[in-house]
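**Q** My questions concern the predicted model and sequence given below.
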Amino acid sequence: MTANTTEKTAVQTKPGSQIIVDTLLEHGVEVLFGYLGGVVLPLFDKLYDSPIRVVIPRHEQGGCHMADAYARSTGKVGVVIATSGPGATNLTTGLATAMMDSVPLVALTGQVRTELIGNDAFQEADTTGITRPITKHNVIVKNPNELAQTIREAFFIASTGRPGPVLIDIPVDMQIAQVPVTPPQPIELPGYRIRERGHARQITAAAEAINSSQRPVLYVGGGVISGNASEPLRKLAKKANIPVTMTLMGLGAFDQNDPLSLNMLGMHGAAYANFAVQNCDLLVCVGARFDDRVTGKLKAFAPHARVIHIDLDPSSISKNVPADIPVVGNARHVLTEMLELVEYKERKEWFDQIAEWKKRHPLRYDQNAKTIKPQYVIEELWKQTQGQAIITTGVGQHQMWTAQFYRFNRPRQFITSGGLGTMGFGLPAAIGAQIANPDTLVIDIDGDSSFNMTLTELSTAVMYELPVKVCLINNGYMGMVRQWQELFYGKRYSCSSLKSPDFARLAEAFGAVGLRAEKKEDVPAVIKAMLAEKRPCVADFRVDPEENVWPMVPAGKSLHEMDGLDIFEMA
Amino acid sequence: MKHILSALVQNKPGVLAHVAGMFAARAFNIDSLAVGRTDDPSLSRMTIVVIGDDRVVEQVRKQLAKIVTVVKVQDFAGMDVVARDLMLISVACPPEKRPEILALVEMFQGKVVDIGSKFVMVEVAGPENKIEAFIEACRPYGIKNLVRTGTVAMARQPRTAVVESEEGK
């Protein structure tokens, strides 16, 4: 099936693969992450001559996480390419990760020739069928003349509204076909409407509720970061004098060094954040979605609060917690407009109460322990980097300790898989973030089990001479799983310990630098050495194997019913 | 409670799979689903009957509207709508029972569309409760085969209001 090439008219034609590259360039794509395969050969042949930098991961999942972190750390659309069949199925974890955390991605997958589709051809998979629930939108191109416009629509859909991954499946014959070059058409998506501006009456109602509130709390999520709303958020919190707590995805949306910061809430959040939410009379949710890890037992969540919910996605509103004042709109627009309407209130009683909670229940750990406490490594890292590094993580205990002990001060600084909880996200994410931010220090704070899943990408870091650092919190366990087994399964550590390689020597074998700290007193020097290193570097911290993340709201309990508060009760 | 949702969708491959997949993934129950083209060849109409409380159905409506290829969604709840099902039913009908059964068909304003020595095929259209009643009426004679479309529905003019805004109520 080839396109009609009408020789008599003077319409210029190009192969579909060239059209794809041209359309990517039209969208300002400078870097993409892609892995070769049979049915994307025409596309890679054209990329060979293009100004686009192609980064080859070692596994398509890694490539997708790289594109994801590239997008999260810049706000631009990340682009990833994979071949058909296994290439596409390897993307799925990355796509689902991006979908859950609303990250703008465009994924291009090769597909077998259109005439072979449905024949169980070599490396054929129903890519659009498989990825439908884990993409914001996906489409298979069956007419080469629609290639360019489909890509334009994909960028538009991925980056507008609540962002998300869009996948385009491109049969190899579409890439080979000669396609007439036509000027861009306006994007017409009749079912796709975004309400950027909030309803004026709702905004006024929200501002009035804030002005009359005695005990308000701002509860903000990733929507503030993806919506570039940190600045209006800061101004609003200051002007109206409201404490701010953040979800895992929201960390960095508000400077954690600010006295108004309550840090993270939820299952492993700060006790004072959870107490504030449980006692507030007004909960102002911005760009968050009342996830179960945030709310604990839903029925007992924020029992005294009226709820304002500001979100771009109407389906997030009143999904889990009914909103008293829903505002559908972009956080930046809505907060900027609300800023005009709110008034400063002292709320002395409320802030005194919060100060008391902060004093009684700070986030802390046993600083006098003889072993290396994981929290100590992260706190020391925070100090030595002046809190300025871009941090990525895997998933588990180390991720929660990072959220607790690295104080983030700016948006797009903390890159973690929040919704899907994808172990192995950390290293490829660090690579993607480093490529997007070549002059910024990028550190993957990882766990040994998470790191084991995707450490093959060290090879990518070495190949592209990326100075990424892996700060390995190595406890020899799937730590969070072990913690749950300790607490809820009678310390029966079924299948949760791993025999890991010697990570420092493994790093050396990859051509990276390997460091190790086995004693507490070695930690500062090893961190210093790691930060001084210009090559990719893995620093293996042999931490206390049975340290737990505290505090903790056990699953099904209400937010204020935290365990672990008395473990280090201050005298 | 039963809600009838009417969704205008792009007439493209994969849209039905997307809608059906969303229902399954979010554990919403579809009572019936009817799909057909509209006067505009680029658009199809899906009429979806959903059982759930108002909050669940509101979430269904929002999730439907979120699908890029879904153009518009209306919830007919509380509206004056005409809702119809179509059924073909084959009923055991020995010659001695014919007068009885034909009288029944007439009572329900059905139509005999095929007749054999032992069976009669009847077409019945109407609101769902009428269809159900006809099935019950036929049951004593013996039902050989039965096929139903899902409900299709249209609001009576001019009170059709597009349910689009969940705010500013």
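**A** Great, that's in hand. Given the structure is predicted, the values throughout are model-derived calculations rather than measurements.
**Q** Domain-wise, how is chain B divided?
**A** B:2-75, B:82-152 (automatic domain parsing).
**Q** elements contacting the longest helix along chain B?
**A** The residue-count maximum for a helix in chain B (DSSP state H) belongs to helix B:54-66. Here helix B:54-66 touches strand B:2-10, helix B:15-25, strand B:43-51, strand B:70-75, going by 3 or more Cβ pairs under 8 Å, 6 or more residues apart in numbering or on different chains; DSSP states H and E. Heads up, the C-betas are built off the backbone N, CA and C, glycines and all.
**Q** Out of those, the one nearest chain A is which?
**A** strand B:70-75 (3.8 Å; Cβ to the nearest Cβ).
**Q** Can you list the buried residues in the following helix or strand past that closest one?
**A** The helix or strand immediately downstream of strand B:70-75 is strand B:81-92, counting by DSSP states H and E. Neighbour counts over strand B:81-92 (16 or more other Cβ atoms under 10 Å in any protein chain shown) mark B:Val81, B:Ala83, B:Arg84, B:Asp85, B:Leu86, B:Met87, B:Ile89, B:Ser90, B:Val91 as buried.
**Q** So for the last one, what's the pLDDT?
**A** In other words, B:Val91. pLDDT for B:Val91: 97.
**Q** show me the contacts for the residue nearest to it when sequence neighbours are not counted.
**A** Of all residues not flanking B:Val91 in the chain, B:Cys138 sits nearest, at 4.7 Å (Cβ to Cβ, 6 or more residues apart in numbering or on different chains). For B:Cys138, the contact set (Cβ atoms under 8 Å, 6 or more residues apart in numbering or on different chains) comprises B:Ile89, B:Val91, B:Ile101, B:Leu104.
**Q** Just give the number of residues close to the residue in the stretch 151-300 of chain A positioned nearest to chain B.
**A** Residue of the stretch 151-300 of chain A nearest chain B, by Cβ to the nearest Cβ: A:Gly191 (3.8 Å). When counting by other Cβ atoms under 10 Å in any protein chain shown, one arrives at 20 neighbours for A:Gly191.
**Q** ok, the spatially most central residue of chain B - contacts?
**A** By Cα atoms, centre = their mean, chain B has its centre lying nearest to B:Thr151, at 1.1 Å. Applying Cβ under 8 Å, 6+ apart, we find B:Thr151 in contact with B:Ile4, B:Ser32, B:Ala34, B:Thr47, B:Val49, B:Ala83, B:Arg84, B:Asp85, B:Glu128.
**Q** Keep only those residues that also lie close to chain A.
**A** Filtering these for neighbours of chain A using Cβ under 8 Å from any Cβ of the partner chain leaves an empty set.
**Q** okay, residue 117: pLDDT?
**A** No chain was given, so I picked chain A. Reading off the model, A:Ile117 has pLDDT 96.
**Q** ah, I was thinking of chain B
**A** 90.
**Q** What distance do you get for it to chain A?
**A** From B:Ser117 across to chain A, the span is 43 Å (Cβ to the nearest Cβ, to the nearest Å).
**Q** isn't there a strand covering that residue?
**A** No: applying DSSP: H, G, I helix; E, B strand; the rest coil, one finds B:Ser117 to be coil, outside a strand.
**Q** Spatially, what comes nearest to it if we skip its sequence neighbours?
**A** Counting by Cβ to Cβ, 6+ apart, B:Pro95 is the residue found nearest to B:Ser117 once chain neighbours are left out, at 7.4 Å.
**Q** wait, doesn't A:Thr160 sit right on A:Ile194?
**A** Yes: if you go by Cβ atoms under 8 Å, A:Thr160 and A:Ile194 touch, sitting 5.6 Å apart.
**Q** between the two, who's got more neighbours?
**A** Counted by other Cβ under 10 Å, A:Thr160 and A:Ile194 do not tie: A:Thr160 has more neighbours, with 17 against 13.
**Q** residue contacts, the more buried one?
**A** Per Cβ under 8 Å, 6+ apart, neighbours of A:Thr160: A:Ile194.
**Q** Look up the pLDDT of it for me, please.
**A** 96.
**Q** Phi and psi next, for it.
**A** Per-residue torsions, A:Thr160: phi -110, psi 160 (degrees, to the nearest 10).
**Q** Could you do A:Asp446 as well?
**A** Backbone torsions for A:Asp446, taken as degrees, to the nearest 10, come to phi -130, psi 160.
**Q** In this structure it contacts A:Lys469, no?
**A** No: assessed by Cβ under 8 Å, A:Asp446 is found out of contact with A:Lys469, at 10.1 Å.
**Q** Neighbour count: the two, which is higher?
**A** A:Asp446 (34 against 30).
**Q** ok, now which ones touch the residue of chain B most remote from its centre?
**A** The centre of chain B is farthest from one residue, B:Glu96, which by Cα atoms, centre = their mean lies 34.2 Å away. Contacts of B:Glu96 were listed using Cβ under 8 Å, 6+ apart, and none were found.
**Q** Secondary structure class of it, three-state.
**A** Put simply, B:Glu96 is helix when judged by three-state DSSP.
**Q** What distance do you get for it to A:Leu167?
**A** 63 Å (Cβ to Cβ, to the nearest Å).
**Q** State the pLDDT value of A:Pro411.
**A** As predicted, A:Pro411 sits at a pLDDT of 98.
**Q** Tell me the backbone dihedrals of A:Val286, please.
**A** A:Val286 has phi and psi values of phi -120, psi 120 when expressed as degrees, to the nearest 10.
**Q** Hmm, A:Ile225 and it touching each other?
**A** No: counting by Cβ under 8 Å, A:Val286 does not reach A:Ile225; the two are 10.7 Å apart.
**Q** Leaving out chain neighbours, which residue sits closest to the residue of the stretch 151-300 of chain A closest to chain B?
**A** B:Val71 (3.8 Å).
**Q** Please name the residues that touch the one you found.
**A** A:Pro190, A:Gly191, B:Ala7, B:Leu8, B:Val9, B:Gln10, B:Leu43.
**Q** contacting residues for A:Val481?
**A** A:Gly396, A:Ser496.
**Q** Ignore what I typed, I meant B:Pro13.
**A** Counting by Cβ under 8 Å, 6+ apart, B:Pro13 makes contact with A:Ile140.
**Q** which element is the residue nearest to A:Gly511 when sequence neighbours are not counted on?
**A** Nearest-residue entry for A:Gly511: A:Val462, 4.2 Å, with adjacent residues in sequence omitted and distances by Cβ to Cβ, 6+ apart. A:Val462 belongs to helix A:458-463 when assigned by DSSP H and E.
**Q** ok and the one helix or strand B:Glu132 maps to relative to strand B:43-51, angle-wise?
**A** In this assignment (DSSP H and E), B:Glu132 forms part of helix B:128-138. Relative orientation of helix B:128-138 and strand B:43-51, computed by axes from the mean of the first three to the mean of the last three Cα atoms, to 10 degrees: 70 degrees.
**Q** Pull out the buried positions in helix B:128-138.
**A** B:Glu128, B:Lys130, B:Ile131, B:Phe134, B:Ile135, B:Cys138.
**Q** and the residue nearest to A:Arg195 when sequence neighbours are not counted, what pLDDT?
**A** In this structure, A:Arg195 finds its nearest non-sequential neighbour in A:Val328, 5.1 Å apart by Cβ to Cβ, 6+ apart. Per-residue confidence (pLDDT) for A:Val328: 97.
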